[in-house]
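Enquirer: Below are the sequence and a predicted model for it; my questions follow.
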Amino acid sequence: MSPLSRREFVTAGVAAGVGLVIGFYLPHKTGSQEESFSPNAYLRIAPNNKITIVVARSEMGQGVRTALPMILAEELEADWKQIEIEQAGASTLFGDQTTGGSASVRTTWDPMRKAGAVARELLITAAALTWNVPRSSCAAEKSRIKHAATNRSLSYGELANKAATLPVPTDVPFKQSKDYKIVGQRLPRLDTPEKVKGTAIFGIDYRMPEMKFAVLARCPTIAGKVSSFDDKESKKISGVSYVGKIADSAVAIVADSVWGAMEGRRVLNVTWNDGPNKDLNTAAVTASLKQAASKKGVSLYAAGEPAKASGRHISAEYELPFMAHAPMEPGNCTAHYQGSKCELWAPTQVPQGCRDSVATALGLDPEQVKVHVTLIGGGFGRRLEHDYAVEAALVSKAINAPVKVIWTREDDMRFSTYRPASLHQLNATVDGSGFLVALTHRIISPSISGQKGQPVPNGVDPDLPDEAGPVYGIPNYTIEYVLTETPVPLGWMRSVYALQAAFALESFVDELAVAAGKDPLQYRLHLLAKDQDLQYFTTTWHTARMRAVLQLVADKAGWNTPLPAGRYRGIACFGCFASYMAEVVEITMENDQPRVHRVVAVVDCGQVVNPTILEQQIQGGIVYALGNALRAKITIEKGRVVQGNFDDYAPLRMEETPVVEVSAVPSAEAPTGIGEPSVPPVAPALCNAIYAATKKRIRALPILS
């Protein structure tokens, strides 16, 4: 199975998910008291009252192991204290299990609700039959069915066997949001205790008997290959048991310990064929983007005719570099190949993708590969790839034993996939008051999906419909995309094209506000004053909702209140993954560099499942985005990635982290994406604050390059 684009992940999840609990019921069982009531793939209720909710998405710090069970438990009318969670591995029962595209809650909201509601209705029916009373006289509450007229009640566990014999309903009522008791509450995360105690198992923690450790020597040049190698010195290292070519571009060194394998790699003598990219550098990448800018683009969005608008013309270009995911947990995977089957323990965002890629690499059927999903120490899109899993499986096959492949920090930085570099050309026509009457935004960038061999319909990267839509109801407005190519390996990275589009658009809107002599907030509110529905592919963006988040963030930030001397602020907004986001960044300038003191963020993401998790997600996204905006830049010299560790690709440090205040617009609409929408407004809001402080406009990231 080929990997899907992130938009296809979401689409497939919705398509599979809406009918999921109808199409994938597990067999009902009758018999001994030990059997569980399992009306669907997401839920088991045991006679001892143990309620197990299966989570089919990966946990990488975003809280799905709590949020998704909360949705099911709400409709189940469960006692939250009785809930236990189980992580699903790669399976056919849950549709697309990909964790990406801010899709976990928004695409499983209905399936999880339906799973809980179906079980609730079956349990109510079982109780009514047990008591021989009208079903309407029974009600579910805190994992019990109660009959108020006779003051009787039965636990879910007591009803499990009878419920398992009943026909499964296909049309069940959902609770109204006003009646929610679990959804919307600040419940503690279920995975916190084991993380605090140190018992949580991330991919890098997993151990099994007889397991070896491996690191790989990879060709440092992009698309280079192994010519030959001499393992004489490596095999002198204590514990090294195997050295062998695993792929065209890599040699594996296996030892009894990580350190032994690393030392074996250090002394390995490899001759590399640098291949076709040995002279590639960042300057050539930038030149190729500028050259491609002259090509005709494909239309992503079109309203009116910008070319025919009259008024003053203003234009600007913005540039963004390659960026690395740089998660705290570097790549790793444990594999045990056993001839006719292979088992994986992987910190993956795509368990099904890992399964299928490993099956192909080993010549097995997908059913012969079992994937256990561990906790992930930061993914940000890097774990949408399968390379670490395939490497581990191939090494395990080569040595006929279980093995953990571990990437060092330098491996993870230099042999990764990267957010594409991009160039943005914006051209505006403004009226006599300086307000926009026409805007053209050209996005020049390579396609992640295209590089991976996936369809790029009509020259449009399939991720752009989720990530680069219109924000303002400008009468003449076009967004165009010019697809380019690069040999630098590309990958989906938190907010992907949305970060790029927002940096260019919201920086440019600020420039227009300054040119018009207008307050940046009021300029944006003027552009959003009219209620409009902006159709962009399959999404409809509502100017009223964007206006609401802007107004609320301004109120929360005290936009109209004077700042202390030496403090400055900037504002930006954007919409992606069906959510609306606005942020205000407050800074001071210290030694000509910005120091961020406060970020105020407001989101409209529909129904909030857990406010604390929402705040954590947005806070984490803002900290991540600040690090990217200030310093994140991958450069290429002689076909090689220059950066290698956190000394030359530095994340935000603790002492640099600002106060982050988060608010959500109250809504009973279905939840939308939250993992990524906080990222795009950060860079433009920060750069707009820097302009307020210095009158210098930043049009290229990172700020501290």
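Expert: Perfect, I can see it now.
Enquirer: What strand or helix carries Met323?
Expert: Element membership for Met323 (DSSP states H and E) is strand 323-324.
Enquirer: Ile443 too?
Expert: Assigned by DSSP H and E, Ile443 falls in strand 436-446.
Enquirer: show me the contacts for the nearest residue to Pro658 once chain neighbours are set aside.
Expert: Spatial nearest neighbour of Pro658, chain neighbours left out: Val596 (4.4 Å); criterion: Cβ to Cβ, 6 or more residues apart in numbering. For glycine as for every other residue, the C-beta is placed from the backbone atoms N, C-alpha and C. If a contact means Cβ atoms under 8 Å, 6 or more residues apart in numbering, then Val596 has Val585, Glu586, Ile587, Leu626, Glu656, Pro658, Leu686 as its contacts.
Enquirer: quick one, helices of the stretch 1-150 of the chain?
Expert: Under the criterion DSSP state H, counting those that start in this stretch, helices of the stretch 1-150 of the chain are mapped to 6-18, 20-23, 64-76, 104-131.
Enquirer: Repeat that for the stretch 301-450 of the chain.
Expert: Under the criterion DSSP H, counting those that start in this stretch, the stretch 301-450 of the chain carries helices at the ranges 351-362, 387-399, 409-414, 448-451.
Enquirer: and those, which is most packed in?
Expert: Stretch with highest mean neighbour count among these: helix 387-399 (a mean of 25; mean count of other Cβ atoms under 10 Å).
Enquirer: by how many degrees do that one and helix 351-362 diverge?
Expert: Calculated by axes from the mean of the first three to the mean of the last three Cα atoms, to 10 degrees, helix 387-399 forms an angle of 40 degrees with helix 351-362.
Enquirer: What lies in contact with the strand holding Met323?
Expert: Taking Cβ under 8 Å, 6+ apart as the rule, strand 323-324 contacts Met413, Ser416, Tyr418, Arg419, Met493, Asn628, Ala632, Lys633, Ile634, Gln643, Tyr649.
Enquirer: that older thread, go through the helices of the stretch 1-150 of the chain and name the closest to Thr170.
Expert: helix 20-23 (5.6 Å; Cβ to Cβ).
Enquirer: How far off centre is stretch 611-619?
Expert: In terms of Cα atoms, centre = their mean, to the nearest Å, the centre of stretch 611-619 is set 14 Å apart from its chain centre.
Enquirer: Could you double-check that Leu384 sits in contact with Gly101?
Expert: No: contact criterion Cβ atoms under 8 Å: Leu384 and Gly101 do not qualify, at 9.5 Å.
Enquirer: Please identify which of these two sits among more neighbours.
Expert: Gly101 (29 against 25; other Cβ atoms under 10 Å).
Enquirer: What residues of stretch 493-508 count as buried?
Expert: 493-508 (16 or more other Cβ atoms under 10 Å).
Enquirer: As PDB, could you dump the C-alpha coordinates of that stretch?
Expert: The C-alpha coordinates for stretch 493-508 follow below in PDB (Å, rounded to 0.1, in the frame of the first residue of the first chain):
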ATOM      1  CA  MET A 493       5.800  18.500   9.200                       C
ATOM      2  CA  ARG A 494       3.500  20.000  11.800                       C
ATOM      3  CA  SER A 495       1.100  22.400   9.800                       C
ATOM      4  CA  VAL A 496       3.000  21.700   6.600                       C
ATOM      5  CA  TYR A 497       2.000  24.300   4.000                       C
ATOM      6  CA  ALA A 498      -0.200  26.300   6.400                       C
ATOM      7  CA  LEU A 499       2.900  27.700   8.200                       C
ATOM      8  CA  GLN A 500       4.300  28.900   4.900                       C
ATOM      9  CA  ALA A 501       1.100  30.400   3.500                       C
ATOM     10  CA  ALA A 502       0.300  32.100   6.800                       C
ATOM     11  CA  PHE A 503       3.800  33.600   7.200                       C
ATOM     12  CA  ALA A 504       3.600  35.200   3.800                       C
ATOM     13  CA  LEU A 505      -0.100  36.300   3.900                       C
ATOM     14  CA  GLU A 506      -0.200  37.700   7.400                       C
ATOM     15  CA  SER A 507       3.100  39.400   7.100                       C
ATOM     16  CA  PHE A 508       1.900  41.000   3.800                       C
END
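Enquirer: how close does the spatially most central residue of the chain get to Arg419?
Expert: The residue lying closest to the centre of the chain (Cα atoms, centre = their mean) is Gly100, at 4.1 Å. To Arg419, Gly100 is 14 Å away according to Cβ to Cβ, to the nearest Å.
Enquirer: joint contacts of these two?
Expert: With Cβ under 8 Å, 6+ apart, Gly100 and Arg419 have no common neighbours.
Enquirer: picking up where we left off before, inside strands: which ones of the contacts of strand 323-324?
Expert: Tyr418, Arg419 (DSSP state E).
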